[in-house]
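Participant: Predicted model and sequence below, questions to follow.
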Amino acid sequence: MSRSGTTSAARTWRNWAGNITARPAREVSPASPEEVVDAVRRAAEDGLTVKTVGTGHSFTAIAATGGVLIRPDLLTGIRAIDRTAMTVTVESGTPLKRLNQVLAREGLSLTNMGDIMVQTVAGAVSTGTHGTGRESGSIAAQITALELVTADGSLLTCSASENPDVFAAARIGLGALGVITAVTLAVEPVFLLTADEGPMTFDKVTSEFDALHAENEHFEFFWFPHTDNCSTKRNNRSAGPADPPGRLGAWIDDELLSNGLFQVANSVGRALPPAIPAIARLAGRAFSTRRYTDIPYKVFTSTRRVRFVEMEYALPREACVAALREVRAMIERSPLRVSFPVEVRTTPADDIPLSTASGRESAYIAVHLYKGTPQRAYFTAVERIMIAHGGRPHWGKLHSRDAEYLSGVYPRFGEFTRLRDRLDPDRRFGNDYLRRVLGD
């Protein structure tokens, strides 16, 4: 039985963090690429812009629109698994969690993941969602083909051999080139990862950062401001056997500590900022050493229930430690009270024009604040440090950069904007955020 899309009256849209709202003229839930084509053509007839929104896990207004809001709730499912090419083709609105569960049942896996999996596939790749890896990059770097509806209503199939210029850019397209309706990703036989998690001092992890990066396939750490405490995580492939966390231990670490008590701590800190350093010292010591082995998505991802806002910058990897030390010094000499840890990850260079790792091996410094906490002073101060090191802001996370700055840190910026001019001269997929970061 075929599905049909739906059109509904306007309602206020809010992102996951609650910091962005929009009031579209109408909402559309297409059930096929052909219905996306129809929605784009109708929007053009009515003089409306078009944006697609997934689960709203971007902190910027990248998906906000006063025109037609496309919800991909019906564009879900696995189209095909090709075991010869080792690829999976998935509809764009499929949540990453569902994709990973299906792949695991089929004995397959993505090579790398970000640290959450509630986003839709298209939303994750369009904003450059990434995890951490010495040799494996973002989810977008694993794309081998994609299907895109452009502003004139064309349905393009794009790969390295078909519409290669569009493929090169649209893997991280910010929603500026069209509506992605399907994505083909490289997969491999499912494997096991062993996670080694444990505390380390700030001085030790920063002085040994290069070695820790070189020795581990996936390395990341969290530093707790106002303390010398860091929590590290090293993920490496394992011959097995599988040894997942016990149910009780996992609940204590992942739910009680990382969500329940962390929620309480942040609520107290927001109400009583002077208490934050003491809370941070307790939080930084609460995470114990643990080791477990499981399939990749269960190791890469975690549940995030505490709501926050975030800013993240990609730096040349060699600049990471110096920049992080500057962030620490800035916090120590300021009146700021920061209750969320600072996250540090890495990725290899890739060849995607607007990837934060485009053409350079990168490290990421992400800063967060609990929802409702004043953010401007902290984020502005951190951003000043990041741009001094040639930082590139994550497209889905808060920042103040514009096209003039971004064209200077992305060597292939002009390649992307020229393609946008060709595919969407009337800015059917434009909004205020894209006008700021890409220019008119």
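Facilitator: In hand now; what should we look at?
Participant: Doesn't Pro335 lie inside a helix?
Facilitator: No. Looking at Pro335 with DSSP: H, G, I helix; E, B strand; the rest coil, it is coil, so not inside a helix.
Participant: okay, stretch 377-395 in PDB with CA atoms only?
Facilitator: Output in PDB follows, covering the C-alpha atoms of stretch 377-395 (Å, rounded to 0.1, in the frame of the first residue of the first chain):
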ATOM      1  CA  ALA A 377      30.000  36.100  28.100                       C
ATOM      2  CA  TYR A 378      31.400  32.500  28.100                       C
ATOM      3  CA  PHE A 379      30.800  31.700  24.500                       C
ATOM      4  CA  THR A 380      32.100  35.100  23.300                       C
ATOM      5  CA  ALA A 381      35.300  34.600  25.300                       C
ATOM      6  CA  VAL A 382      35.900  31.100  24.000                       C
ATOM      7  CA  GLU A 383      35.100  32.100  20.500                       C
ATOM      8  CA  ARG A 384      37.700  34.800  20.600                       C
ATOM      9  CA  ILE A 385      40.300  32.100  21.400                       C
ATOM     10  CA  MET A 386      39.000  29.800  18.700                       C
ATOM     11  CA  ILE A 387      39.100  32.300  15.900                       C
ATOM     12  CA  ALA A 388      42.700  33.300  16.800                       C
ATOM     13  CA  HIS A 389      43.700  29.800  16.000                       C
ATOM     14  CA  GLY A 390      41.800  29.700  12.600                       C
ATOM     15  CA  GLY A 391      38.800  27.900  14.100                       C
ATOM     16  CA  ARG A 392      35.900  26.700  12.000                       C
ATOM     17  CA  PRO A 393      32.500  26.700  13.800                       C
ATOM     18  CA  HIS A 394      30.300  23.600  13.700                       C
ATOM     19  CA  TRP A 395      27.400  24.500  11.400                       C
END
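Participant: Tell me what Cys230 is bridged to.
Facilitator: For Cys230, the beta-bridge partners under DSSP bridges are Met200, Trp223.
Participant: what sits against it?
Facilitator: For Cys230, the contact set (CB atoms under 8 Å, 6 or more residues apart in numbering) comprises Pro199, Met200, Thr201, Phe202, Val205, Phe221, Phe222, Trp223, Phe224, Gly284. Bear in mind the C-beta positions are built from the backbone N, C-alpha and C, glycine included.
Participant: Kindly write the PyMOL command that selects the buried subset of the residues you listed.
Facilitator: In PyMOL, this line selects whichever of these come out buried by 16 or more other CB atoms under 10 Å:
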select buried, resi 199+200+202+205+221+222+223+224+284
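Participant: Which of the three states applies to Phe379?
Facilitator: helix.
Participant: Now do the contacts for it.
Facilitator: Met311, Val367, Leu369, Leu398.
Participant: by contact count, what packs against the helix or strand that contains the third one?
Facilitator: The reference is to Leu369. Per DSSP states H and E: Leu369 is located in strand 362-370. Helices and strands touching strand 362-370, by 3 or more CB pairs under 8 Å, 6 or more residues apart in numbering; DSSP states H and E, are helix 262-271, strand 308-316, helix 320-333, strand 342-347, helix 376-388.
Participant: Now the last one: buried residues?
Facilitator: By neighbour count on 16+ other CB under 10 Å, the buried set for helix 376-388 is Tyr378, Phe379, Ala381, Val382, Glu383, Ile385, Met386, Ile387.
Participant: Show me what the next helix or strand after that helix is packed against.
Facilitator: Next in sequence after helix 376-388, counting helices and strands by DSSP H and E, comes strand 392-393. In terms of contacts (3+ CB pairs under 8 Å, 6+ apart), strand 392-393 is packed against strand 308-316.
Participant: what's the angle between the strand it packs on and strand 362-370?
Facilitator: 160 degrees (axes from the mean of the first three to the mean of the last three CA atoms, to 10 degrees).
Participant: packing partners for strand 308-316?
Facilitator: For strand 308-316, the packing partners by 3+ CB pairs under 8 Å, 6+ apart are strand 362-370, helix 376-388, strand 392-393.
Participant: Mind putting the ones you listed into TSV with distance to Ser109 and mean pLDDT?
Facilitator: Conversion of those to TSV gives the following (distance: least, CB to CB, whole Å; pLDDT from 0 to 100):
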stretch	distance to Ser109	mean pLDDT
strand 362-370	23	97
helix 376-388	33	98
strand 392-393	28	98
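Participant: Residue nearest the middle of the chain, spatially speaking?
Facilitator: Nearest to the geometric centre of the chain sits Thr129, at 2.8 Å (CA atoms, centre = their mean).
Participant: pretty sure it is in a helix, no?
Facilitator: No. Going by three-state DSSP, the assignment for Thr129 is coil, not a helix.
Participant: That one - nearest residue in space that isn't next to it in sequence?
Facilitator: Gly114 (4.6 Å; CB to CB, 6 or more residues apart in numbering).
Participant: hang on, isn't the one you found packed against Ser136?
Facilitator: No. Counting by CB atoms under 8 Å, Ser136 is not a contact partner of Gly114; they are 11.9 Å apart.
Participant: Now do Val344 against Asp228, distance only.
Facilitator: Counting by CB to CB, to the nearest Å, the gap from Val344 to Asp228 is 15 Å.
Participant: so where is the stretch 301-440 of the chain shaky, pLDDT-wise?
Facilitator: Applying pLDDT under 70 to the stretch 301-440 of the chain flags no residue at all.
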